[in-house]
Structure formats: structure tokens, C-alpha cells
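>>> here is a sequence with its predicted model. Questions after.
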Amino acid sequence: MDRVHFIAIGGSAMHNLAIALHQKGYEVTGSDDEIFEPSRSRLERLNLLPDKLGWDPLRITPDIDAVILGMHARADNPELVRAQELGIPVHSYPSFFYQETRNKTRVVIGGSHGKTTITSMVIHVLRHAGVEMDYLVGAQLEGFDCMVRLTERSKVAIIEGDEYLASALEPVPKFHLYHADIALISGIAWDHINVFKTFDSYLEQFEKFIGTIEDGGPLIYCEEDTVLRKLVERTGGDHARVPYRTPDHVVKDGTTYLRTEKGQVGLNVFGRHNLQNMEGARMICHRLGIGSATFHDAMTTFTGAAKRLEKLADVPGRTVFKDFAHSPSKLRATVEAVKDQYPERRLIACMELHTFSSLSEGFLDQYEHAMDHADVALVFYDPHAVSLKRLPPIPPERIRKAFARDDLQVITDALELIGSVRAQASDQCVLLMMSSGNFGGVDLEALAEAFIA
């Protein structure tokens, strides 16, 4: 195979895969109707940026060996239609990645929360140990230029297994398409209600994922997640069940230490879910031949994936974090983690309702008590984002009721948000900003600097 064309090349995973194939020596072209940063600059730097936005069937020529279709592209996309007319093979990016790694040991990490962090931890440890690997991960890691890698040399592939749909032609969860040799599930909490209308239909996707594990492959799972544990117990198959739970640890002077057989190991990350993630990553690495001593040594230098409890600013008495948390389970875990790490400080927690699920009336009550551990709780949403999703506006009192918190501040204007956050600044406090969006365009770096000033 020599030439590959990407339809909807601007997506996070899509543009990373395009870069990886370019680095592997493929001729790569692509198209999209909108491309945002950082995808735009990264593609432009390698001369992979389309010469114009929009779809053009003339881009599809018989010499193309394969087309990779992004989820953003519809089934009637003119470039896709032309590729089908010419008989060119069309793949979603997960099915293409599987084809490229089908002769390797595929480690697939799934779960409603924590999968990016666990994938990142495993990649960090293997790199520390000098293990050659392929990988696909959904967040940027420090020291990594591209978050997809495909080589001829490696014998293992580390894959973040997303449960969202693969493409218009393959409307199944991405993690069904990787056929794991080693699988991990971190936990299950209902999400993506625009696709999975009920919790049972969402849960069914994880049951099907277990069914895609290669014969004899182990299933590693967090036994502290009640829903997940019950699912694993009732699911058939000849897979070895490998449970894990929160490892023994202690928090001293704002730092979390693992208690191990060889003494305490200081970490740069914290929180019960991060510690669970770390134990899951250790189980995977053990299956790949990495001992606990090597694993723990690598973990002392792991600082986390981008936007996952990322520290934006820190001075004595004031600290600012940003986090990707947006679903109820992620929000609850992140708020609890920061409060546990800084029990003597006042916690100001602000989250943005941004996803289709979070802005939907039928899902909102899932957020009940999700911010109870915050001393001050703020919820922001952009009315423009609501209208774009064609959803009705949400009255502030409805949001307060959903979160079961009468003192919850509901804000719909970015400037008002900045003012409210800055007004909360005081000695001995922590600011936690949580969103999968951008708070209506707020510059979080500038906000953090103002908060600690």
C-alpha cells in the first residue's frame, strides 16, 4: 500500500494517524470542511493540510489504495461516494489500525473513565523500559510529538479503546474493532446518550467488547466498580479474569506515595482513580514482561496526560488545575481527588456543560451530588453551544436541582465566569477548571495567572 486518503482528516485521532502514516513512508492526502488547532498547524508543518476546505470528489482517483473515513463525515459524503464507485477499500481509523497491527500483540484499554490515563501510563513505562511499540492514544503526552505510531519493528500495540462510534459505514464502538489480545476495562458509567439512549444499551457495548477479546486473552478490570464487576462475573468466555483495586498509599505534605515492598514511591499524580489507573497499568505491564520495580521507577516521572489534572499555576497557598472531566463519574472523581489531596484548602470547582449528554434534560440528573466535595461550585454553559446542538435552554434552577446543590452558581457568560472565579481567590485555596470544551473561549492560562496573583 502506497497512497492513503483521509476524509475528515482534521479530527484528533485522524490527523495523528495521518502523520503516523506519513512518517512510515505512505503518500497521505486528506480533506475536511473545518480544521481547528492544533490539528491545522501540525498538518501544515508536514505539508499534509488540504489546499482548500470542503469536499471534492475529484480528489478521489483510482491510484488511491485506501480511504480512511472519519466519524465527522456522513454516509453521503461526495468523496466517499466516489471512492465506493471506484471500488477503493474504505476503512474507519480503528479498523485500519487493526489491519496494520493484526500480527502484533494488541493491548486495548477501555472504560468510561481513565482509559486515556492508563494508556498513557503504559506507553510511558514501556518507553522507559526501552520497549519498541506501536500506539494510539487520545491525548497529548509530554515528550511525544505524535500520539499514533506504526512501525515494522514493534511486536506490541497499545490502544486506547473508545466506545464512541467508528464511522458512518461502521456505526459500532471503536473498541469492538481492535480484537484485543490483552484487554482492560477501568469502569462503566453511562455516557454518549445521543448514541446509547439507555444505560442498558451502553452497558451492552462493554459486554460485546469482552466478546471481541482473542481466545485466551486476559481481561483486566477494576473490581471496585460494582457495575463492571457484575458484568464480568456474568459474561462467558475463556478469558482469564484479572481484577485490580486501589493500591496502598499515603498522602504527605501534598504528595501521594505508593506503599510498595521496596518502600514508598513518590508520585506526580494523585487521586483514587489515578491510583486505580496506575494499578491497572501495572497489571498490563506485568503481562508484557515489565516487573513492578521497573514500573514504579517509571511512575516517579509520569506527570499525566494533557488536560488530565494538569497543573496550570502554583504558588504557596494557591494552585490551579484544569481537567477534561465532564461526565458525572469523571467530575465526581476529579473533585474528590483534589479535595483529598488538599484537605486544608478551600476548593473552588468550575465545570462546563458542553457535551450533548451533559446538556440534555434526560441526562442532567446523573450529576446529582457530583460537586459536593467542592467548597464553592460553579457550572458554566454557553447558550450558543446549546443552540448548535439543537437543544432547549436549561434554566439555572433546573441545573441546581440536578446537582442537588442550592448554592451552585450557574453562569452563561464568559466574562462573568472570569469575574466570578477571580472573586473567589483567597489564601489557601485551589481552583479546578473542568471541561471538554473551552468555557466559551476563556484563556485558562491567563485566568490561572490572575487567580494566583
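The structure has been received and is ready for your questions.

>>> and stretch 326-341, how far from the chain's centre?
15 Å (Cα atoms, centre = their mean, to the nearest Å).

>>> now it: buried residues?
Neighbour-count burial for stretch 326-341 flags 326-339, 341 (criterion: 16 or more other Cβ atoms under 10 Å). All C-beta atoms are positioned from the backbone trio N, CA, C, and that covers glycine.

>>> out of those, name the ones that lie in helices.
Members of the buried residues of stretch 326-341 lying in helices (criterion: DSSP state H): 328-339, 341.

>>> okay if I get the residues you listed as CSV plus pLDDT and distance to residue 114?
Putting these into CSV (pLDDT from 0 to 100; distance: Cβ to Cβ, whole Å) gives the following:
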residue, pLDDT, distance to residue 114
328, 92, 14
329, 88, 10
330, 87, 9
331, 93, 13
332, 92, 13
333, 89, 9
334, 93, 11
335, 96, 16
336, 93, 14
337, 90, 12
338, 93, 16
339, 93, 19
341, 89, 17
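
>>> nearest to residue 231, of these?
residue 329 (15.4 Å; Cβ to Cβ).

>>> could you find the closest non-adjacent residue to that closest one?
residue 189 (3.6 Å; Cβ to Cβ, 6 or more residues apart in numbering).

>>> from what I can see that neighbour touches residue 326, true?
No. Assessed by Cβ atoms under 8 Å, residue 189 is found out of contact with residue 326, at 11.8 Å.

>>> returning to what we had before: the residue nearest to residue 329 - that's part of a helix, no?
No. Counting by DSSP: H, G, I helix; E, B strand; the rest coil, residue 189 falls outside a helix, being coil.

>>> how close does it sit to residue 363?
12 Å (Cβ to Cβ, to the nearest Å).

>>> let me know the closest of the ones in helices among the buried residues of stretch 326-341 to residue 316.
Distances from residue 316 to those, taken by Cβ to Cβ, are shortest for residue 341, at 15.8 Å.

>>> you'd agree the closest one is up against residue 249?
No. In this structure, residue 341 is not within contact of residue 249 by Cβ under 8 Å, at 11.4 Å.

>>> now the common contact residues for those two.
The contact sets of residue 341 and residue 249 overlap at residue 256 (Cβ atoms under 8 Å, 6 or more residues apart in numbering).

>>> about what we covered before: and which of the ones in helices among the buried residues of stretch 326-341 is nearest residue 240?
residue 329 (26.6 Å).

>>> how far away is that closest one from residue 138?
17 Å.

>>> next one: residue 421
28 Å.

>>> could you chop the protein up by domain?
3-88, 95-299, 310-452 (automatic domain parsing).

>>> now the strands for the stretch 351-453 of the chain?
376-380, 409-411, 429-434 (DSSP state E, counting those that start in this stretch).

>>> can you list the strands that the last one pairs with?
Here strand 429-434 is paired, per DSSP bridges, with strand 318-323 (parallel), strand 346-352 (parallel).

>>> could you do the shortest one as well?
Partner strands and pairing direction for strand 409-411 (DSSP bridges) are strand 376-380 (parallel).

>>> tell me the mean pLDDT for the partner strand?
Strand 376-380 carries an average pLDDT of 97.

>>> just after whichever strand or helix holds residue 232, pick out the following helix or strand.
Applying DSSP states H and E as the criterion places residue 232 in helix 226-234. Downstream of helix 226-234, the first helix or strand assigned by DSSP H and E is strand 241-244.

>>> so what does that next one touch, helix or strand wise?
The contact analysis (3 or more Cβ pairs under 8 Å, 6 or more residues apart in numbering; DSSP states H and E) places strand 241-244 against strand 219-222, helix 272-287.

>>> quick one: distance of the last one to the chain centre.
By that I understand helix 272-287. 16 Å.

>>> so that helix versus helix 328-341, what angle?
Put simply, helix 272-287 runs at 100 degrees to helix 328-341, going by axes from the mean of the first three to the mean of the last three Cα atoms, to 10 degrees.
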